[in-house]
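Q: turn this into a model:
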Amino acid sequence: MLRTTVRTLKPLEKRCSFFSRRNVVTSGGAAAADGDDLLLDDVTAVKPLVEPTLLQPRVVVYDGVCHLCHGGVKQVIRVDKHKKIKFCCLQSKAAEPYMRVCGVEREDVLRRFIFIEGPGVYHQGSAAALRVLSYLPLPYSALSSLMIVPRPIRDAAYDYIAKQRYAWFGKGDSCLVLQEKELLERFIDRDELINDKQSES
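A: Predicted coordinates:
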């Protein structure tokens, strides 16, 4: 069993080798690119091989009840015509193996969402946002050049907004994507979300 080694929010661009490269497949059916082709930020670390082939690449795990977060997800889905990015609500059980293999707790992801880029690379907070943008068409992908801004500055801005997001934009009682079911095809936890909603009815 993987022991959680990251207990505090540190720079979290890391190699967590939970993808079997022979088996990692994109949403279009093609094999994912080698991890060596991925752009890493300034810190990397090696994680043990755990749960191979079960987790998908290019998955955003985020606070599904946050209105600001949901608005960002909707925007990414709108412009990501090639469906490169997939999503998972933090409140779903499906998010647990992604958090476990990256060594983060639910409270960590509430503070800074994670983007599992794969194979074996994940990002958190401001770096995660910029890496997601890099997969989108222009002009959005150009914003990923902000990665050159020093991490403390990027993370300070991200953390300030994250702390205020409920006060400024509010939150829902359940994952907001259920209110716009046309978006669910991009969610790896869609079956769980639908079943939970039906059980509440």
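Q: worst mean pLDDT across the helices and strands of the protein, which element?
A: When the helices and strands of the chain are scored by mean pLDDT, DSSP states H and E, strand 46-47 comes last with a mean of 42.
Q: following element in sequence after it, please.
A: Heading C-terminal from strand 46-47, the first helix or strand you meet, by DSSP states H and E, is strand 59-62.
Q: list the contacts of that following strand.
A: Around strand 59-62, the neighbours that count as contacts under C-beta atoms under 8 Å, 6 or more residues apart in numbering are 69, 73, 76, 85-90, 95, 98-99, 109, 113-116, 118, 128, 132, 188. Where you see a C-beta, it was placed from the backbone N, CA and C, and this is true even at glycine.
Q: repeat that for 7 Å
A: The contact list for strand 59-62, computed with C-beta atoms under 7 Å, 6 or more residues apart in numbering, reads 69, 73, 85-88, 90, 95, 98-99, 109, 113-116, 132, 188.
Q: do the same with stretch 132-145
A: When contacts are defined by C-beta under 7 Å, 6+ apart, stretch 132-145 is touched by residues 58, 60, 76, 79-80, 84-85, 115, 130-131.
Q: partner residues bridging the residue sitting nearest the centre point of the chain?
A: When the chain is reduced to its mean C-alpha position, the nearest residue by C-alpha atoms, centre = their mean turns out to be residue 60, at 2.1 Å. With DSSP bridges applied, the residues forming beta bridges to residue 60 are residue 87, residue 115.
Q: how close does it get to residue 167?
A: In this view, residue 60 and residue 167 are 23 Å apart by C-beta to C-beta, to the nearest Å.
Q: work out the gap between the longest helix along the chain and the centre of the chain.
A: When secondary structure is assigned using DSSP state H, the longest helix within the chain turns out to be helix 151-169. Between the mean C-alpha location of helix 151-169 and the chain-wide mean there is a distance of 17 Å, by C-alpha atoms, centre = their mean, to the nearest Å.
Q: list the buried ones in that helix?
A: Residues of helix 151-169 classed as buried: 151, 154-155, 158, 162, 165 (neighbour count, 16 or more other C-beta atoms under 10 Å).
Q: same question for stretch 187-200.
A: Neighbour-count burial for stretch 187-200, with 16+ other C-beta under 10 Å as criterion, is recorded at 187-190, 192-193, 196.
Q: could you dump it to PDB, C-alpha only?
A: Output in PDB follows, covering the C-alpha atoms of stretch 187-200 (Å, rounded to 0.1, in the frame of the first residue of the first chain):
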ATOM      1  CA  PHE A 187     -16.500  13.300 -16.300                       C
ATOM      2  CA  ILE A 188     -14.900  10.000 -15.400                       C
ATOM      3  CA  ASP A 189     -17.200   9.900 -12.400                       C
ATOM      4  CA  ARG A 190     -20.400  10.500 -14.300                       C
ATOM      5  CA  ASP A 191     -22.000   7.100 -13.500                       C
ATOM      6  CA  GLU A 192     -21.300   7.600  -9.800                       C
ATOM      7  CA  LEU A 193     -22.700  11.100  -9.900                       C
ATOM      8  CA  ILE A 194     -25.900  10.000 -11.700                       C
ATOM      9  CA  ASN A 195     -26.400   7.100  -9.400                       C
ATOM     10  CA  ASP A 196     -26.000   9.300  -6.300                       C
ATOM     11  CA  LYS A 197     -28.500  11.800  -7.700                       C
ATOM     12  CA  GLN A 198     -31.000   9.100  -8.400                       C
ATOM     13  CA  SER A 199     -30.700   7.600  -4.900                       C
ATOM     14  CA  GLU A 200     -31.400  11.000  -3.400                       C
END
